[in-house]
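Chemist: Structure, please.
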Amino acid sequence: MKRLILFLCCLGLQAQSPYPWLEAIAQRQLAARREAVGRLRTPDEIRAHGREVRQKLLHWMGGLPTAKTPLNVTRTGTIEHADYRVEKIRFESQPKFFVTANLYIPKGGKGPFPAVVQPTGHSLTAKARELYQSLSIGLVKYGFVVLTYDPLGQGERRIFFDRELGDSKVGGTTVEHQMVGVQALLGGESLARQMVWDGVRAIDLLQGLSEVDGEKIGVAGCSGGGTLTAYLAAVDDRVKVAAPACYISSWEEQLAGTGPQDAEQQFPDQLRDGFDHGDLLIAAAPKPYLIASTTEDFFPLAGAQRTYEEAKLIYNRFGAEDKIAWFTAPGGHGMRADTRGAIYGWMRKWLQGTPGPAPEPPLTVELEEDLQVSATGQVGGDTASTMNMRRLGALRGAGGDVRAVARYEPYTGPLEIREEKTERFSYESEAGRRVPAALYRPATSNGGVVLMADAAGRGAGSAKELAAAGYTVLALDIALIGETAHRGGSYSNDWFGADKPIWLALMVGKTVTGMRMSDIVRGLDVLAARGLIGPAGVTGFARGNAGVAMLHAAVVDSRFGKLVLEDLPPTYRRQAATPIQRQVFEVALPGVLLQYDLPELVGRLAPRPVVLGRTAAAADEGYGGPHVRVVRRRETATVWEAYLK
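Modeler: The predicted structure is shown next:
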């Protein structure tokens, strides 16, 4: 045991990916949240907490649209069976924002019937996938009207579909969601805003049907459909019964496993503000709620159990112990026949007044193409991307507080410099988080001092070039660069970089840019502690995405006398107005477009000189002022030759 403790202590002294550090913050926030929920004693207290959860959800989403515009329902075909029919329909949740859906209507029995909305999980075929068809058919055979639809980015609603390619330009459904989700963040919104609104309008559609009892509406979905089920149950009182499958867990366990998921499945500040999966159930309580899990799911079973046990106590306060249940099936992620049977039984019990087992009836699924609503397989019209570009591209913020937007909190604790070897060391940027650094001293000094944040890390060749030219250079491995890079893989690394720690930073109330600002400002403190900052101040040099943090740091710290920023990423406005972006997630700041853009920050630095370097041709993005110089660096030119000579 002593050896283990010693090993862990030594490990804690080393720089590493910020993910474990962020996870420790998250776990403290979750523990505080658990204690707060444990203090809820009365139904009134629980209802008040539920209202607060709903307000937070709607705030994080960016609010829902205020106008319920005409649905303009179009039926494009019908499939007849002996005991039910399937109508292929299209409706508009917003003008020209088409939702493709299949409507299952019983033929036998006496209507109006209770109804179930099934938002589907992440799948290319979505509503037509055998798994989701099976739930719809089983429910309609038990006497429910069922509306199952393609969430945006799935099925007939691909966002970046290329007809010649026959596929999305960016890849699978999760990448599509992440692409528009990151874009939405810039305007202070979440992709969940549009996805939840589709579900709200699906309920509107059902309530307008003569075959449906509008007071008896349930929602059931698996995986991403489970996410939407939980959201709809929390924010829409018309949902009387909920049954999310393979989603409900707890972030306490999830963070140690696969971590943050798709763009609509977490929000900035949610852990800081005390929100876990269990709060979705509290917001819905005491309506009947079935949690369906599998033993080998990547949404951890232990987390589902934790949330269920908490929910039982909440429901007990209402005297509604029978309205909360947990069903567990063996196997991996998905909705097996026994899970579907549990959902049938739950919906029958609470919407039909028929308790008891409800095994899956014999059923035959359709060929996927036979359920297609559109003639071409893609419905067209507006997409989440085009709507984002139109709405967010028009935002014009000015004068925002850099510290607040970047979630930057100055840290004034001791630097705790720990030497590794000559002029290679690390220091504490924030309590418990260390930054590797290297100090390069010139043989003959010209008096200049450079603080460098290069994508190549503290061993970058440009640092050595500048030292050879006479500069003293402090080169840093700022968060997620060099020795602090996150080594974990993800399906979307090629597009979004280290998206897991980026999302986790947002969830705990931070941003990567804010963390990097701290790394850079504390680097200035290191230089000051060594007596290396002269009257002219420090020249900041950053390359690529690191330049965003360097620019923000210079706005808050006047010890920078000059900036050289090479190959800055596109401005936030350009990111919002461009459908596809690569490797910009780490610089995303929630709601930044409501506050400022990068050219404005450059303007705030006047009269301090700013050199904007380019290694390739780039569009004019509005940078200007007498203190700004734009330089096109040739391939053979060194940093010193191009920008500082």
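
Chemist: Strands along the stretch 301-450 of the chain, start to end?
Modeler: 324-329, 418-421, 424-430, 433-440, 449-453 (DSSP state E, counting those that start in this stretch).

Chemist: pretty sure Gly334 contacts Cys222?
Modeler: Yes: at 6.9 Å, Gly334 counts as touching Cys222 under the criterion of C-beta atoms under 8 Å. Quick note: C-beta positions are derived from backbone N, CA and C, even for glycine.

Chemist: Pop out the phi and psi values for Arg157.
Modeler: Note on Arg157: backbone dihedrals following degrees, to the nearest 10 are phi -130, psi 40.

Chemist: mind starting the numbering at 49 from now?
Modeler: With the count now opening at 49, the last piece we talked about shows up as Arg205.

Chemist: In contact with the nearest residue to it once chain neighbours are set aside: list those residues for me.
Modeler: Once flanking residues are discounted, Arg205 sits nearest to Asp198: 4.8 Å by C-beta to C-beta, 6 or more residues apart in numbering. Applying C-beta atoms under 8 Å, 6 or more residues apart in numbering to Asp198 gives the contacts Val147, Thr148, Ala149, Thr168, Ala174, Lys175, Glu204, Arg205.

Chemist: domains of the protein?
Modeler: 96-291+299-331+381-440, 450-692 (automatic domain parsing).

Chemist: In the stretch 299-448 of the chain, what residue spans correspond to helices?
Modeler: 299-302, 325-332, 349-365, 385-395, 432-440 (DSSP state H, counting those that start in this stretch).

Chemist: coming back round to it: now the buried members of the contacts of Asp198.
Modeler: Neighbour-count burial (16 or more other C-beta atoms under 10 Å) applied to the contacts of Asp198 gives Val147, Thr148, Ala149, Thr168, Ala174, Lys175, Glu204, Arg205.

Chemist: what's the angle between the helix or strand harbouring the first one and helix 432-440?
Modeler: In this case it means Val147. Assessed by DSSP states H and E, Val147 sits inside strand 145-154. Here the directions of strand 145-154 and helix 432-440 differ by 130 degrees (axes from the mean of the first three to the mean of the last three C-alpha atoms, to 10 degrees).

Chemist: And strand 145-154, what does it pack against?
Modeler: Here strand 145-154 touches strand 132-142, helix 178-189, strand 193-197, helix 240-255, going by 3 or more C-beta pairs under 8 Å, 6 or more residues apart in numbering; DSSP states H and E.

Chemist: winner for burial among these?
Modeler: strand 193-197 (a mean of 28; mean count of other C-beta atoms under 10 Å).

Chemist: tell me the pLDDT at Pro118?
Modeler: Note for Pro118: predicted pLDDT of 98.

Chemist: repeat for Cys58
Modeler: 39.

Chemist: show me where the stretch 449-598 of the chain has helices.
Modeler: 450-453, 509-516, 541-544, 547-555, 560-577, 594-604.

Chemist: Of all these, which one is nearest Gly393?
Modeler: helix 547-555 (35.1 Å; C-beta to C-beta).

Chemist: Please name every helix or strand in contact with the closest one.
Modeler: helix 67-86, helix 560-577.

Chemist: Let me see the contact set for Thr424.
Modeler: Arg211.

Chemist: Quick check: the gap between it and Glu417.
Modeler: 11 Å (C-beta to C-beta, to the nearest Å).

Chemist: likewise Ser566?
Modeler: 54 Å.

Chemist: Looking at Gly382 and Cys270, which is more packed in?
Modeler: The residue with more neighbours, out of Gly382 and Cys270, is Cys270; 30 against 16, by other C-beta atoms under 10 Å.

Chemist: about what we covered before: now mean neighbour count, mean pLDDT and distance to Leu646 too, for the helices of the stretch 449-598 of the chain, in TSV please.
Modeler: Below are those laid out as TSV (neighbours: other C-beta atoms under 10 Å; pLDDT from 0 to 100; distance: least, C-beta to C-beta, whole Å):
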stretch	mean neighbour count	mean pLDDT	distance to Leu646
helix 450-453	17	97	11
helix 509-516	18	92	22
helix 541-544	18	90	20
helix 547-555	25	97	18
helix 560-577	23	98	11
helix 594-604	26	98	7
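
Chemist: Just send those back as CSV, with distance to Gln318 too.
Modeler: What follows is the helices of the stretch 449-598 of the chain, written out as CSV (distance: least, C-beta to C-beta, whole Å):
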stretch, distance to Gln318
helix 450-453, 18
helix 509-516, 38
helix 541-544, 19
helix 547-555, 5
helix 560-577, 17
helix 594-604, 23
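
Chemist: still on that earlier bit, enumerate the sheet neighbours of the strand holding Val147, specifying parallel or antiparallel for every one.
Modeler: strand 132-142 (antiparallel), strand 193-197 (antiparallel) (DSSP bridges).

Chemist: any idea which helix or strand comes after the shortest one?
Modeler: To tie it back to what came earlier, the one meant is strand 193-197. Next along from strand 193-197, by DSSP H and E: strand 209-210.

Chemist: Find the nearest non-adjacent residue to the residue nearest the centre of the chain, please.
Modeler: Closest residue to the average C-alpha location of the chain: Ala311 at 3.3 Å, with C-alpha atoms, centre = their mean. Distances taken as C-beta to C-beta, 6+ apart place Gly229 nearest to Ala311, at 2.4 Å, with adjacent residues excluded.

Chemist: Find me whatever residue is spatially closest to the residue of the chain positioned farthest from its centre, sequence neighbours aside.
Modeler: The outermost residue of the chain relative to its centre, with distances by C-alpha atoms, centre = their mean, is Thr492 at 49.1 Å. Nearest residue to Thr492 in three dimensions, chain neighbours excluded: Gly518, at 6.0 Å (C-beta to C-beta, 6+ apart).

Chemist: Please apply the same query to Ala282.
Modeler: Ala331 (3.9 Å).

Chemist: Check what pLDDT the one you found gets.
Modeler: pLDDT, read off for Ala331, is 98.

Chemist: which residues does it contact?
Modeler: Ala331 touches Gly98, Arg99, Val101, Arg102, Leu105, Ala281, Ala282, Val283, counting by C-beta under 8 Å, 6+ apart.

Chemist: any idea which element the first one lies in?
Modeler: Gly98 is located in helix 91-109, with elements delineated by DSSP H and E.
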